[in-house]
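Asks: How does the following fold in three dimensions:
(2 chains)
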2 protein chains.
Amino acid sequence: MTETATREQLTPERWIDAATELLVDGGIDRVRVDLLARELGVTRGSFYWHFRDREDLLRHVLEAWRQRATEQLTARLESAATDPREQVKDVLSLPFRGRAAVRAARIELAIRAWARRDAMARQAVDEADAARIGYIAQVFSALGFPIAEARQRAWLVYSYLIAESLVAGGSAAQREERRRFVERLLQQPRG
Amino acid sequence: MTETATREQLTPERWIDAATELLVDGGIDRVRVDLLARELGVTRGSFYWHFRDREDLLRHVLEAWRQRATEQLTARLESAATDPREQVKDVLSLPFRGRAAVRAARIELAIRAWARRDAMARQAVDEADAARIGYIAQVFSALGFPIAEARQRAWLVYSYLIAESLVAGGSAAQREERRRFVERLLQQPRG
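Replies: Numbering: from 1, shown residues only, chains lettered A, B, ... in the order given. Predicted coordinates for the structure are as follows:
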């Protein structure tokens, strides 16, 4: 009776979130059905109500990450600001979104490390990167830059976002100065 | 007799290299003395000829990485080219140095993932980042940019280097175009 109740309470999302936590805390090898079941306080068997096997769970972890990671950016760009200059500003502010940004960066780093030795993770990462760079490139196209150059500028903006999430970079004031510098430099015509 | 010979053949560097390989292949939790000894075909006890404990080995792994990672950059900047424009070009070519660059990127990503949950690794990564950004900033100072702006430009160059090593980025021709774009943009005066 208790077990049935527990099974009903545990949505697939709970398993996916717990798997993502284990991935961040200890790398992909720690994401094991037995460890997850223990963590969630349920039987190993209840896992199979939602997932075919570990591989199936990992696929869902990637899918959940990809949706969140890409949506975060695209939702920002498609709503609110329509002035491309405001959109550039908005994208560059992503690393400054507090704890959500820090958590997103930790998950992303763990997934990138996993992608170094797993083709399925590699594909998810490559697709997310391409989607995000593509969106940023559209903004630079809207600013009037030719297509190839818009993509190069987008690449550099994306590089900046990655570095801000990976590299410890001085005081808040220095980070803010840097953000403004990137904002200006990336929008100025090529000399 | 055989064991003594083996112990003599295994330098500390062999242990450090093997530990680095395990770190890259499976994350920090895989770097265990018993797994290393098995991998190297020696007894667990012979480990203690060279290292006090696992922590001591990990410290040496970080030290070896830091020396190699920082030296790679500083050696380039301090030799050969003295024209700062050539030095910028040289730094931007680092991601294109073939297999050595790919291997260095794999090690660095694994260490960054480890640094998310370990203070000692965090410190090593932060110091390496600061040293490398500092060197690149010097080049921009030599180009005549004010100190703060030289550091901002250096940050963006460093971002570019990290992204090139992390993100799958199109064809060789596109990567080359991108490198040239960054080279030009980062040296042009602010509008």
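Asks: Please count neighbours and contacts with C-alpha atoms only from this point.
Replies: Will do.
Asks: residue contacts, the most centrally placed residue in chain A?
Replies: For chain A, the residue sitting closest to the mean C-alpha position, by C-alpha atoms, centre = their mean, is A:Ala69 at 3.4 Å. The contact partners of A:Ala69, by C-alpha atoms under 8 Å, 6 or more residues apart in numbering or on different chains, come to A:104, A:128.
Asks: Skipping adjacent residues, who's closest to A:Phe181 in space?
Replies: Leaving out its chain neighbours, the residue that sits closest to A:Phe181 by C-alpha to C-alpha, 6 or more residues apart in numbering or on different chains is B:Gln152, at 7.1 Å.
Asks: Test my guess that the one you found contacts A:Glu176.
Replies: No - counting by C-alpha atoms under 8 Å, B:Gln152 sits too far from A:Glu176 to count as a contact (10.7 Å).
Asks: Domain-wise, how is chain A divided?
Replies: Annotated domains of chain A cover A:1-51, A:65-187 [automatic domain parsing].
Asks: and the ones you listed, which one is worst for confidence?
Replies: The weakest mean pLDDT among these belongs to domain A:1-51, with a mean of 84.
Asks: Distance from it to the middle of the chain?
Replies: Per C-alpha atoms, centre = their mean, to the nearest Å, the displacement of domain A:1-51 from the mean C-alpha position of its chain is 22 Å.
Asks: before we move on, which element is the residue nearest to the centre of chain A in?
Replies: helix A:54-78 (DSSP states H and E).
Asks: what residues does the helix or strand just after that helix touch?
Replies: Proceeding N to C from helix A:54-78, the next assigned helix or strand is helix A:84-92, under DSSP H and E. By C-alpha under 8 Å, 6+ apart, the residues outside helix A:84-92 that reach it are A:73, A:76-77, A:81, A:136, A:139-140, A:142-143, A:157, A:161, A:179, A:183.
Asks: thinking again about what came up before, could you count how many residues lie near the residue nearest to A:Phe181?
Replies: 23 (other C-alpha atoms under 10 Å in any protein chain shown).
Asks: dump the residue contacts of it.
Replies: Contacts of B:Gln152 (C-alpha under 8 Å, 6+ apart): A:178, A:181, B:137.
Asks: and with 10 Å instead?
Replies: A:174-175, A:177-182, B:133, B:137, B:140, B:158, B:186 (C-alpha atoms under 10 Å, 6 or more residues apart in numbering or on different chains).
Asks: would JSON lines of the residues you listed with neighbour count, secondary structure and distance to B:Pro12 be doable?
Replies: Output for the contacts of B:Gln152, formatted as JSON lines (neighbours: other C-alpha atoms under 10 Å in any protein chain shown; DSSP: H, G, I helix; E, B strand; the rest coil; distance: C-alpha to C-alpha, whole Å):
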{"residue": "A:Gln174", "neighbour count": "14", "secondary structure": "helix", "distance to B:Pro12": "41"}
{"residue": "A:Arg175", "neighbour count": "17", "secondary structure": "helix", "distance to B:Pro12": "40"}
{"residue": "A:Glu177", "neighbour count": "15", "secondary structure": "helix", "distance to B:Pro12": "44"}
{"residue": "A:Arg178", "neighbour count": "22", "secondary structure": "helix", "distance to B:Pro12": "42"}
{"residue": "A:Arg179", "neighbour count": "21", "secondary structure": "helix", "distance to B:Pro12": "44"}
{"residue": "A:Arg180", "neighbour count": "15", "secondary structure": "helix", "distance to B:Pro12": "47"}
{"residue": "A:Phe181", "neighbour count": "16", "secondary structure": "helix", "distance to B:Pro12": "45"}
{"residue": "A:Val182", "neighbour count": "22", "secondary structure": "helix", "distance to B:Pro12": "44"}
{"residue": "B:Ile133", "neighbour count": "22", "secondary structure": "helix", "distance to B:Pro12": "30"}
{"residue": "B:Ala137", "neighbour count": "25", "secondary structure": "helix", "distance to B:Pro12": "35"}
{"residue": "B:Phe140", "neighbour count": "24", "secondary structure": "helix", "distance to B:Pro12": "39"}
{"residue": "B:Tyr158", "neighbour count": "23", "secondary structure": "helix", "distance to B:Pro12": "32"}
{"residue": "B:Leu186", "neighbour count": "19", "secondary structure": "helix", "distance to B:Pro12": "42"}
